[in-house]
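Trainee: Sequence and predicted structure, then a few things I'm wondering about:
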Amino acid sequence: RQALYASEKGLETKTKDGVDITVLMNAGLALDLPYLEATGAAGVGLFRTELQFLIGSQLPSVASQEALYREALDLANGKPVIFRTADIGGDKTADYMEHGNEVNPAMGWRGARMALDRPGMIRPQLRALLAAAAERELWVMFPFVTVPAEVDEIRELLDREIDRARRRERALPESIKVGAMIETPSSAWRADLIADKVDFLSVGGNDLAQFYFAADRDSERVQRRYDPMNPGFLSFLQDTVQRVNKTGTPLSYCGEQTSDAVTAAALMAVGIRQFSLPAAFVGPFRRLVRSLDVKKAAAWFKAHESAPVATLRPAFLEFLNENGA
Ligand code: PEP
Ligand code: MG
């Protein structure tokens, strides 16, 4: 099967009706990078930098962060790598860090909040990213943004690091693209305003669904209440995509629900055109793209907008089967 997908990696990622879909890959360690070439993904849409913070017994030094980012960029061989600044907190805790006793850590001190409250952690990371991407393109993305003003505050930290590097006459990246993740209903609701402040957006569907449904993504008891195939969630996403599209800022989807083909097809039907997914799903996903008539799927969704939750998935699966997807 792997070999089969490998032979397809040179094919265009276009739907049956000719819509271009960009397919990127999720990663977190340097050893994930060779899959870029193997899968034919267009780049890394989500590099989870916190993994390096979580596997060690202390904060990684600037030098070791820089070394990892440089290695990732080298291995990517010119393809873009979107580095997500460390999203620590919530389900991603480091033993050496004081997280406090939070009753709801997923809604607690994490992501952009931690970065802003503790610039001593994010500034060295930004420094490492700027150095690693010297004379190349730097793509950096901020997690768990909840309001547009947080983007301004984080950009200010980035600007300070750029100034610092200039004062020291260090080589800077050729270009710097700044992005934000849409992972909370508050940021989705204001996604167009956030879009105006950044170069790109990425929907973190794992967290976004968790907060949309108020259902813990890691709790088995509420698993069935956490379903991106819920018509309410899909129309919420569609509305977000449409508002962001008006700004011209590109938007991708990096939640891992795309490992399910039915969900992935539904996300295309509601207007998402760029995806970042685990390496193992890149091949099957690209095959799905080529078999889907996305305009037909969108029309199907419009006609089923108010379908009950329980029937949407089987009915859409039937639609896909009937249409050869
Ligand atoms: C997400 O929330 O969808 C996401 C991609 O980030 P993570 O899964 O690392 O929280
Ligand atoms: Mg997330």
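Mentor: Ah, there it is. Ligands and ions are numbered 1, 2, ... in the order given.
Trainee: So what does residue 228 have for phi and psi?
Mentor: Phi and psi for residue 228, reported as degrees, to the nearest 10, are phi -60, psi -10.
Trainee: That one touches residue 207, doesn't it?
Mentor: No. Residue 228 lies out of contact with residue 207 (C-beta atoms under 8 Å); the separation is 11.9 Å. Where C-beta positions appear, they are placed from N, C-alpha and C, glycine not excepted.
Trainee: tell me, what's touching these two both at once?
Mentor: Jointly contacting residue 228 and residue 207 under the rule C-beta atoms under 8 Å, 6 or more residues apart in numbering are residue 255.
Trainee: now the strands: where do they sit in the stretch 201-325 of the chain?
Mentor: Shown for the stretch 201-325 of the chain, the strands assigned by DSSP state E, counting those that start in this stretch span residues 251-253, 274-278.
Trainee: same for the first one, what does it pack against?
Mentor: In other words, strand 251-253. strand 200-203, helix 231-247, strand 274-278 (3 or more C-beta pairs under 8 Å, 6 or more residues apart in numbering; DSSP states H and E).
Trainee: can you give me the mean pLDDT across it?
Mentor: What strand 251-253 shows for mean pLDDT is 98.
Trainee: Would you mind listing what in the stretch 151-300 of the chain touches ligand 2?
Mentor: 183, 204, 207 (C-beta under 5 Å from the ion).
Trainee: In contact with the first one, which residues are there?
Mentor: Think residue 183. Contacts of residue 183 (C-beta under 8 Å, 6+ apart): 111, 143-145, 203-204, 206-208, 211.
Trainee: try 10 Å
Mentor: 87, 111-112, 143-146, 202-211, 254-255 (C-beta atoms under 10 Å, 6 or more residues apart in numbering).
Trainee: Is there a quick PyMOL command that grabs whichever of those are buried?
Mentor: In PyMOL syntax, the buried subset of those is picked out as below (16 or more other C-beta atoms under 10 Å):
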select buried, resi 87+111+112+143+144+145+146+202+203+204+205+206+207+208+209+210+211+254+255
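Trainee: ok, the closest residue to residue 205 other than its chain neighbours to residue 272 distance?
Mentor: Once flanking residues are discounted, residue 205 sits nearest to residue 255: 2.2 Å by C-beta to C-beta, 6 or more residues apart in numbering. For residue 255, the distance to residue 272 equals 10 Å [C-beta to C-beta, to the nearest Å].
Trainee: what residues are shared contacts of the two?
Mentor: With C-beta under 10 Å, 6+ apart as the test, residue 255 and residue 272 both reach 203, 205.
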